[in-house]
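Asks: quick one: sequence and predicted model below, then my questions.
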Amino acid sequence: MNRTTPASSSAHAAAATAAKPAPGAGKEKFLVLPIVILVLAQMGTTGDNGALSLAADALTKDLGATTSDIQLANMIYPLVGGSFMIAGGLAGTMIGWRKTFRIGALLAAIGEVALALSPNMFFFIWVGRVLVGLGASFLVPSLLGIIPFIYHGANRTVAFGCIGAASGLAAVLPLILGVVMQLSGMRVTFLVLALYFVGVVVLSMGLPKFDQPSEKSHFDAIGVALAALGFFCVLIGLSSISSWGLIKPMHTAPFTLFGISPAIPLIILGIIILIVLVKVEAREEKRYGLVVLPRSFLTTKQVLAGLVANALMFFFMGAQSILMSPYLQLVADWTPIDVGTISIVTGLPTFGLALGIPKLFPKANPRHVIQIGYVAMAIALGIMASSVTIDGANRIGVYLGAFMAGVGAGTVSAHASNVVALAVNDRDASQSGGIQSTMRNVGQALGVALLGAVLIFGISSTLGNEMASNSEIPSTVAEQVSGLTINLGSNKEFEEDISHIQMSDAERTKLVELEAKARFDSTRIAYGVGAVIVLLGLLTTPWIKTLSKESDPSATSGAAPGKGAPGKAAPQKAAAQAAPAQKATAQVSAAQATATPKAAPPKGGR
């Protein structure tokens, strides 16, 4: 395994160090300050979302925000971040992770200032939220990219676990920011977050210097553009299904395409663009070596399994945000503080397991750990489904489900990033932070969109069927109700929605009863669909075979494993074709430089 040396060391010393197999790398001293800085950065990106969720009332009063404005403000951050995080991963590989880390934190700080000083919602969304999203697209891949250069062996596993634990630790932020919001208002809250990110920039001076191979390849502008456009189309399409409609357009859809909702066509367009991206990147990698989407990410099955784990972990969080929190607030009438306590119940086991599993069980098989996590997440969704009642929720069931949710998320996050890093060479492992972060955004968007669609469409279709089969509801009333857009809400809100429809009191009472049952059934079905999707992740876990760098020479040689078999080195011919990628790794490994066939410089030069 390669070990990094301080930047002040001579090139000869760095090569000599890298040429050795780093004996006892797993026993080296664990550096505490760097991981604290990286965890704080991860928590900051979560804190911004928490502040926005608390600012809905203030945005309405201070900036005249509509519900659509607030939805768009929530969407822009993951859309921009998810679309450009692969580009952030490429930038870190080219100019250095420490630089992109600071650029990201600085952009986030400027974005928070813009949010605090916004004169209107247009500026708030398209300047403030976009800047914070761009900051995250540099910051998140960088903190994941720094880890493989600072930590090695078992320490690297612990470090990735700490980043996973940051999601649990961030559970306290909504409560803290809520206090600031209540005492000082929205603008002060965003200024506090700006100072937080400035503090991250200052603390980043404490990150140790390390030798990172200098990549002087051209910037993969075509790959960046295609990746950003493709993921943007997919994410905005997924996120808009519940508000635009799946097939039949809702009245809130901005336009229609051949009479149908634009959501699915937009998703299809994004997938087509991403397919083109794969084809283009295969050609560009042969020519230049360094590209946005290295071939090893697509051909190594263990990498794909790790990306699925990242996506499902955040899919699960999306399921919670669209199913649990809205139901508790809108139907069960829980207060924001009540709902806020759930984040603590979920966050504590997430933090403890994401950090504790790598530390206490360093030899645990990542495949088995992730399998246990998937099962725990599915069980949590089952408990949450059983806690739902017709007019509310069972409090004990809610907290038990939330706790199991933390157990599942913490267990998966303990190894989700590490299994990716283990399967590829150090440069690709470092660059993988961008694609991992993108997969998290895709997973969360998929959880919100898919389960939101199951919920909303389930309520409408179930209610329609119940009205059609119930003789107490006149067909004229059923027809008018079917034309409404029915959202998740309390009985009182549904009564307000149908208040303009002429019917008897008995018919109105029966209709409210039918809608409540439809809401109850659809919520449980949505939880069940979520559990099935999480369990499908088990099908990818047999691909996790490389348990340490030492057990897989190809993972450190820079050669992409053939046909997704992480444990097998690629043939010499394939290695020669992959020489541009190997060349970057060879700069820090004299042993690899002599062991790998030397190829002619790639076309186009560097």
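Replies: Sure, I can see it.

Asks: so, low pLDDT: which residues of the stretch 151-300 of the chain?
Replies: Scanning the stretch 151-300 of the chain for pLDDT under 70 picks out the ranges 167-168, 171, 174, 213-218, 239, 242.

Asks: can you list the residue ranges for strands in it?
Replies: Assigned strands in the stretch 151-300 of the chain: none (criterion: DSSP state E, counting those that start in this stretch).

Asks: same question for the chain.
Replies: 388-389, 392-393 (DSSP state E).

Asks: state the mean pLDDT of the last one.
Replies: Meaning strand 392-393. For strand 392-393, the mean pLDDT works out to 88.

Asks: so what's the gap between that strand and the chain middle?
Replies: 29 Å (C-alpha atoms, centre = their mean, to the nearest Å).

Asks: residue contacts, Met317?
Replies: Residues near Met317 by C-beta atoms under 8 Å, 6 or more residues apart in numbering: Ala409, Gln444, Gly447. Any C-beta I mention is one placed from the backbone N, CA and C, and that applies to glycine too.

Asks: what's the neighbour count on Val201?
Replies: The number of residues packed near Val201 is 17, by other C-beta atoms under 10 Å.

Asks: residues contacting the nearest residue in space to it that is not next to it in sequence?
Replies: Of all residues not flanking Val201 in the chain, Ala105 sits nearest, at 4.7 Å (C-beta to C-beta, 6 or more residues apart in numbering). By C-beta under 8 Å, 6+ apart, Ala105 lies in contact with Ala41, Gly44, Gly135, Leu139, Phe197, Val198, Val200, Val201, Ser204.

Asks: again with Met43
Replies: Residues near Met43 by C-beta under 8 Å, 6+ apart: Ala166, Leu169, Ala170, Leu173.

Asks: number of nearby residues for the first one?
Replies: Neighbourhood size, Ala166 [other C-beta under 10 Å]: 25.

Asks: what mean pLDDT does the longest helix along the chain get?
Replies: Across the chain, the longest stretch assigned as helix under DSSP state H is helix 426-469. For helix 426-469, the mean pLDDT works out to 79.

Asks: please name the nearest non-neighbouring residue to Gly270.
Replies: Gly270 sits nearest to Cys233 (C-beta to C-beta, 6+ apart), 3.0 Å away.

Asks: for Thr299, see how far away the one you found is.
Replies: Note on Cys233: its distance to Thr299, by C-beta to C-beta, to the nearest Å, is 25 Å.

Asks: give the contact list for the closest residue to Asn365 other than its chain neighbours.
Replies: Nearest residue to Asn365 in three dimensions, chain neighbours excluded: Leu547, at 6.4 Å (C-beta to C-beta, 6+ apart). Applying C-beta under 8 Å, 6+ apart, we find Leu547 in contact with Asn365, Pro366, Leu422.

Asks: selecting buried members of those in PyMOL, what would you type?
Replies: Buried residues among the contacts of Leu547 (16 or more other C-beta atoms under 10 Å), as a PyMOL selection:
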select buried, resi 366+422
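
Asks: so which of the contacts of Leu547 is the closest to Phe219?
Replies: Leu422 (28.4 Å; C-beta to C-beta).

Asks: doesn't Gln302 make contact with the closest one?
Replies: Yes - Leu422 is within contact range of Gln302, at 7.1 Å (criterion: C-beta atoms under 8 Å).

Asks: who's in contact with Asn120?
Replies: Contacts of Asn120 (C-beta under 8 Å, 6+ apart): Leu63, Gly64.

Asks: so what pLDDT did it get?
Replies: Each residue has a pLDDT score; the one for Asn120 is 91.

Asks: and it, its phi and psi?
Replies: phi -160, psi 170 (degrees, to the nearest 10).

Asks: same question, Ser504
Replies: The phi and psi torsions at Ser504 (degrees, to the nearest 10) take the values phi -80, psi 160.
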